[in-house]
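A.B. asks: structure for this input, please:
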Amino acid sequence: MKQTNDNIYSFFQNKFGFHFDEDKKKRLAYLLASRMKKNGLTNERDYLDLICSHAGKSERQFMVAAFTVGETYFLRNSYHWKALKNKILPEIIKRKLHRDDKSLRIWSAGCSSGEESYTIAIVISEALSYYQKWNIDILATDINESSLNHAKKGIYTENAFRETSDDFKNKYFSKVKGKYKIRKNYQQMITFEQLNLINNNGFPIHYSCFDIIFCRNVLMYFSSKISASIMHFMFNALNDDGYLFLGHTEGPITKDFNLKPLSFYNSIVYQKQREVPSQLRPEPPKTTHLQQGKKIDLNRAIKTVKKDHIKDLPTNLMSQNYFSEALDLYSIGKIDEAQNMLNKHNKNQTLYSLLLVGLIYLQKKDLHAAQVIFKEAQLIYDLTPETHMLGAMIHEEMNNISEAINGCRNAIFLDQAFFSPHFRLGEIYRKLGDREKMQKSFNNALRFLHLESSDRLKLFCVGYNKEYLEDYLKSI
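C.D. replies: Predicted structure coming up:
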């Protein structure tokens, strides 16, 4: 059985590049049991045969969706869009017009459900008033077929616009049955394709000559060796003087490539340098390590949190760019990197970044530090359900079960549709052997799962996405 499980890990590592630490191996083992039951299989060997077969395509897609964070929103990381509109596109347009070239090629790698790709099209239309006279080619790729189908439809709920103005929605989208559909002229600028970045057979020839590549918060899913290999391909696919957008923590991977970091609006964008001699053309480096950050100064973090920073609704969890990326790192188990990022932005702490600090300490089993954060959050704003959820999780870890139950109930009282306290109550009652209360809590959790913000799900259900949780709850 162990050998078969190792072969399953190897399959997903080799085919999709997923890196499995011990925690993710435990998650995969639990998910395997659920998926075997779903597919009517009795042993791991049969499941391995399924995912390796042509008939196992849909099962492979499910597993890919379960281990990737697929939810995003329009104008995420606003400083990147400001840099693209005001600095990068004007420079490229000027350079191209000088040589009578009216073409523009952009690759959105890891496009998920399409928000990034459509934002690129919109920003181009704003920066280039006569863009219809240009040959604009935006290639958007993702490994997740379900996300791509969503992207191709171009239809989004209100939650996808939580960082935009009403003018943005009304100008670039049409309202259809309570949702918003991207206008056709922007949709026509984009070609969506399924692509596995771990492509051992090489990439199609049209993956080349890009003026700009967006690959934000994608490389962090892979080992340093695989990230370097992907980086090597993207470097060669980028035109000289072309620009590369990466996630905030992914910059260190560029150190072995002839890419110049440029600072725009407190963000870093990388530009490929011209005329690289062949003997200096970079090859994939063997390893790349992120620098370890210092421990968060707890007292300083606490003192910098002010009431006027607090947002009333959980839909505003991701209002700060650094926090968005720190949360992404935390949600895939990169705890030290998330802590390092929060440490760098101590002066800009919000209530929710403070809660993330507490959850990081909880993950590290530093219960005293987690309690200090929780108590400070209570003093700042006791009426947020997220604060009570943090307290419940700390009490559960300390085996203070009655306090954990009370904390979950308080969170539900403040927000009945909050998924996590229902889910944690179900887990607590399962351990207590109270099947009736367990089932009731899990039924409520399933009821509210699809209403839950993916951002809040990342915060309180680290490492689990909606597909995995739905499958888990339905299997009980």
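A.B. asks: switch to C-alpha atoms for all contacts and neighbour counts from now on
C.D. replies: Will do.
A.B. asks: got the contact list for stretch 419-438?
C.D. replies: Around stretch 419-438, the neighbours that count as contacts under Cα atoms under 8 Å, 6 or more residues apart in numbering are 389, 401, 405, 408-409, 411-412, 439-442, 444-446, 448-449, 452, 457, 460-461.
A.B. asks: ugh, wrong one, stretch 48-61
C.D. replies: Outside stretch 48-61, the residues touching it (Cα under 8 Å, 6+ apart) are 4, 7-8, 144-146.
A.B. asks: show me which of the residues you listed are buried.
C.D. replies: 8, 144-145 (16 or more other Cα atoms under 10 Å).
A.B. asks: of those residues, closest to residue 212?
C.D. replies: Nearest to residue 212, judged by Cα to Cα, of the buried ones among the contacts of stretch 48-61 is residue 144 at 22.3 Å.
A.B. asks: hang on, isn't the closest one packed against residue 112?
C.D. replies: Yes. Counting by Cα atoms under 8 Å, residue 144 does reach residue 112; the two are 7.3 Å apart.
A.B. asks: the stretch 251-400 of the chain: strands as residue ranges?
C.D. replies: Counting by DSSP state E, counting those that start in this stretch, the segments of the stretch 251-400 of the chain that form strands are 259-264, 267-272.
A.B. asks: isn't there a strand covering residue 100?
C.D. replies: No. With DSSP: H, G, I helix; E, B strand; the rest coil as the criterion, residue 100 is assigned coil and is not in a strand.
A.B. asks: in the stretch 51-200 of the chain, which spans are helices?
C.D. replies: 57-66, 78-83, 89-98, 115-127, 145-153, 166-172, 184-187 (DSSP state H, counting those that start in this stretch).
A.B. asks: one step back: which ones among the contacts of stretch 419-438 lie within helices?
C.D. replies: Judged by DSSP state H, the subset of those located in helices is 389, 401, 405, 408-409, 411-412, 439-442, 444-446, 448-449, 457, 460.
A.B. asks: now list the buried members of those residues.
C.D. replies: The neighbour-count criterion (16+ other Cα under 10 Å) marks 389, 401, 405, 408-409, 411-412, 439, 441-442, 444-446, 448-449, 457, 460 among those as buried.
A.B. asks: returning to what we had before: columns distance to residue 35 on top of the contacts of stretch 48-61, output as a markdown table?
C.D. replies: Listed next are the contacts of stretch 48-61 as a markdown table, based on distance: Cα to Cα, whole Å:
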| residue | distance to residue 35 |
| --- | --- |
| 4 | 15 |
| 7 | 16 |
| 8 | 13 |
| 144 | 18 |
| 145 | 19 |
| 146 | 18 |
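A.B. asks: residue 41: what secondary structure?
C.D. replies: Under three-state DSSP, the three-state class of residue 41 is coil.
A.B. asks: for it, list the residues it contacts.
C.D. replies: Neighbour list for residue 41: residue 47 [criterion: Cα under 8 Å, 6+ apart].
A.B. asks: in this protein, where is pLDDT below threshold?
C.D. replies: 1-6, 9, 13-24, 65-71, 199-202, 275-321, 345-349, 381-382 (pLDDT under 70).
A.B. asks: what's residue 213 sitting at in phi/psi?
C.D. replies: With angles defined as degrees, to the nearest 10, residue 213 sits at phi -130, psi 130.
A.B. asks: can you give me the neighbour number for it?
C.D. replies: Residues contacting residue 213 under the criterion other Cα atoms under 10 Å number 24.
A.B. asks: same deal with residue 166?
C.D. replies: 10.
A.B. asks: could you find the closest non-adjacent residue to residue 133?
C.D. replies: residue 102 (7.9 Å; Cα to Cα, 6 or more residues apart in numbering).
A.B. asks: would you check how far apart that neighbour and residue 350 are?
C.D. replies: Distance, residue 102 to residue 350, using Cα to Cα, to the nearest Å: 45 Å.
A.B. asks: same question, residue 215
C.D. replies: Counting by Cα to Cα - residue 215 and residue 350 are separated by 27 Å.
A.B. asks: so these two - more neighbours on which side?
C.D. replies: Shown here are residue 215 and residue 350; by other Cα under 10 Å, residue 350 has more neighbours (24 against 19).
A.B. asks: which residues touch residue 175?
C.D. replies: residue 181.
A.B. asks: ok, what's across the strand from it?
C.D. replies: residue 180 (DSSP bridges).
A.B. asks: what's the helix ranked longest in the chain packed up against?
C.D. replies: Using DSSP H, we find that the single longest helix of the chain is helix 22-38. Applying 3 or more Cα pairs under 8 Å, 6 or more residues apart in numbering; DSSP states H and E, we find helix 22-38 packed against helix 44-52, helix 466-475.
A.B. asks: what sits up against that helix?
C.D. replies: Helix 22-38 is contacted from outside by 5, 9, 42-44, 47, 468, 471-472, 475, using Cα under 8 Å, 6+ apart.
A.B. asks: hang on, isn't residue 208 packed against residue 237?
C.D. replies: Yes. Residue 208 is within contact range of residue 237, at 4.2 Å (criterion: Cα under 8 Å).
A.B. asks: who's in contact with residue 86?
C.D. replies: Neighbour list for residue 86: residue 127 [criterion: Cα under 8 Å, 6+ apart].
A.B. asks: any idea how many residues pack against the residue nearest to residue 383 when sequence neighbours are not counted?
C.D. replies: Spatially, and ignoring its direct neighbours in sequence, residue 383 is nearest to residue 414 (7.2 Å; Cα to Cα, 6+ apart). Neighbours of residue 414 under the rule other Cα under 10 Å: 14.
A.B. asks: begin at 10 from now on, thanks
C.D. replies: Sure, I'll start numbering at 10, so the last one becomes residue 423.
A.B. asks: how far away is residue 423 from residue 459?
C.D. replies: Distance from residue 423 to residue 459, by Cα to Cα: 19 Å.
A.B. asks: still on that earlier bit, among the contacts of helix 31-47, which two are most distant?
C.D. replies: 18 and 484 (22.4 Å).
A.B. asks: I figured residue 397 hits residue 419, correct?
C.D. replies: Yes. Taking Cα under 8 Å as the definition, residue 397 is a contact partner of residue 419 at 6.4 Å.
A.B. asks: any idea how many residues pack against the nearest residue to residue 17 once chain neighbours are set aside?
C.D. replies: Distances taken as Cα to Cα, 6+ apart place residue 57 nearest to residue 17, at 6.2 Å, with adjacent residues excluded. Neighbour count of residue 57, defined by other Cα under 10 Å: 18.
A.B. asks: same question, residue 402
C.D. replies: Residue 402, neighbours per other Cα under 10 Å, totals 24.
A.B. asks: kindly report the same for residue 164.
C.D. replies: Using other Cα under 10 Å, residue 164 has 20 other residues around it.
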